[in-house]
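Visitor: coords please:
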Amino acid sequence: MHPAKTTIVQDLQEKLNASPFLLVADYTGLKVSEFAQLRERLADANAECRVVKNTFLRRAAADIGYPDLGEHLTGQTAIVVGDEDVCAAAKVLKTFAKDFKKTSVKAGILDNAYLSAEQVISLADLPSKDILRAQLLGLLLQPATNLARLLNEPAASLARVLQAKVDAQGGDQAEAA
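Guide: Next up is the predicted model:
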């Protein structure tokens, strides 16, 4: 292999190793301005989109031990890699494909596991990582909240009974006297 091509494959391997996920998309028919808009949207989601040659991606993925993407590496291929949240990147790809009707998700890899296009779209439908964390925190705090309510209930019940007794004996008159 030519030294320049080896360098490209090594650079691609570094990008793939640094990212916990890889999304493969077809960008056929996109104008340069539209592709730039896709890159901007992905940058907001802490992800990066790069156009790659299929043979380079095939070689880099095989060298780092990714599952075979052979059947999906045809036509014009762009990859999406990121720092953290695969759901946010998948959501951007899904909405962009819906808006422009020119791009499509081919496949993906998450933690060295192959994802079909349908699975990537399913990831896009998940709530963001922050929302999932908040929901988990709410579930973890619920037993403690219920316990605090349960421990507080006898005192609150006693206070309500005493207040009812005061009200029954003419509480306003007793206070005035």
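Visitor: outside of stretch 104-119, which residues touch it?
Guide: With contacts defined as Cβ atoms under 8 Å, 6 or more residues apart in numbering, stretch 104-119 is touched by 20-26, 61, 65-67, 69, 72, 77, 86, 90, 93-94, 97, 120-121, 123. All C-beta spots, glycine's among them, are computed from the backbone N, C-alpha and C.
Visitor: So for the lengthiest helix in the chain, mean pLDDT?
Guide: Longest helix of the chain, by residue count under DSSP state H: helix 129-168. The average of the pLDDT scores along helix 129-168 is 82.
Visitor: What segments of the chain are helices?
Guide: Using DSSP H, helices in the chain cover 3-18, 32-44, 54-64, 86-100, 117-125, 129-168, 171-176.
Visitor: hang on, the earlier thing: could you give me the ChimeraX syntax to select whichever of the contacts of stretch 104-119 are buried?
Guide: In ChimeraX, a selection of the buried entries from the contacts of stretch 104-119 looks like this (16 or more other Cβ atoms under 10 Å):
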select :21,22,23,24,25,26,61,66,69,72,77,86,90,93,94,97,120,121,123
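Visitor: Just give the number of residues close to residue 85.
Guide: The number of residues packed near residue 85 is 19, by other Cβ atoms under 10 Å.
Visitor: Please report the distance of the nearest residue to it once chain neighbours are set aside from residue 95.
Guide: Spatially, and ignoring its direct neighbours in sequence, residue 85 is nearest to residue 129 (5.0 Å; Cβ to Cβ, 6 or more residues apart in numbering). Distance from residue 129 to residue 95, counting by Cβ to Cβ, to the nearest Å: 17 Å.
Visitor: Next, residue 46: phi, psi?
Guide: The phi/psi pair for residue 46 (degrees, to the nearest 10) reads phi 60, psi 40.
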